[in-house]
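Engineer: Predicted model follows, preceded by the sequence.
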Amino acid sequence: MADSKDHFDDIISLFRLYEQKMYHIAYAILHDSYQAEDAVMDAFVRLLEHNYRIDDPESDTSKKLVISVTRSASIDLYRKNQRASSKMLLTEDPALLHAETHTEPQAHPESNTESIIQGLPSIYYDVMYERYVNEKSVSETAVILSISEAAVRKRQERALRILREEREGRRCV
């Protein structure tokens, strides 16, 4: 019992010493103050959950541990945000797009996802169609299209970038 109390006290000492440094690392990755605070708390929880041996909170080893855990927590949160924004882009309601762009609605709109990806070049369209309309996995899509899984992931990444750029009005064809 005393051992876990000592561990908790060591983690508290680390947090007090490196709280600002942890925040700056998280903010540099996430560019959002609220999410940076969340990442610092995630890092703190990770430090608590794992039984890291901390001899001296002010040592270089302890500092490197804190930096590494904070960076990892921040990157995980960043990736989670990227996945969420990709899903939002592909499932956005066409009525919302209509309200934002003030264009005429289609007489017979197709499914949300299909209508969004129709303007893509065919190599990207095929991947996006299989992944998001037919809800196939990367490996299933690779088999269907007779390409490697790496090619599926790269084409999906490029298609999402194109869609994001078009949505933001930055794409020049």
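Structural biologist: Perfect, thanks for sending it.
Engineer: And the residue nearest the centre of the protein?
Structural biologist: To find the centre residue of the chain, average its C-alpha atoms and take the closest one (CA atoms, centre = their mean): that gives residue 79, at 2.2 Å.
Engineer: what's the spacing between that residue and residue 131?
Structural biologist: Between residue 79 and residue 131 the distance is 18 Å, computed by CB to CB, to the nearest Å. Every residue, glycine included, has its C-beta placed from N, CA and C.
Engineer: What strand or helix carries residue 43?
Structural biologist: In this structure, residue 43 is located in helix 33-49 according to DSSP states H and E.
Engineer: whoops, residue 62 was the one
Structural biologist: Following DSSP H and E, the helix or strand that holds residue 62 is helix 60-91.
Engineer: From the contact counts, what lies against that helix?
Structural biologist: In this structure, helix 60-91 makes packing contacts with helix 2-30, helix 33-49, helix 112-117, helix 149-168, judged by 3 or more CB pairs under 8 Å, 6 or more residues apart in numbering; DSSP states H and E.
Engineer: Tell me the helices and strands packed up against the longest one.
Structural biologist: What that stands for is helix 2-30. For helix 2-30, the elements it packs on are helix 33-49, helix 60-91, judged by 3+ CB pairs under 8 Å, 6+ apart.
Engineer: for that helix, what is the average pLDDT?
Structural biologist: Per-residue pLDDT values across helix 2-30 average out to 82.
Engineer: what sits against residue 142?
Structural biologist: For residue 142, the set of contacting residues under the criterion of CB atoms under 8 Å, 6 or more residues apart in numbering consists of 148-149, 151-152.
Engineer: So, low pLDDT: which residues of this structure?
Structural biologist: Regions of the chain meeting the criterion pLDDT under 70 cover residues 1-5, 7, 86-116, 169-173.
Engineer: rerun that using 50 as the cut-off
Structural biologist: 1, 93-111, 171, 173 (pLDDT under 50).
Engineer: okay, now the domains of it?
Structural biologist: What automatic domain parsing lists as the domains of the chain is 2-87, 93-168.
Engineer: neighbours around residue 78, how many?
Structural biologist: The local packing of residue 78 (other CB atoms under 10 Å) involves 17 other residues.
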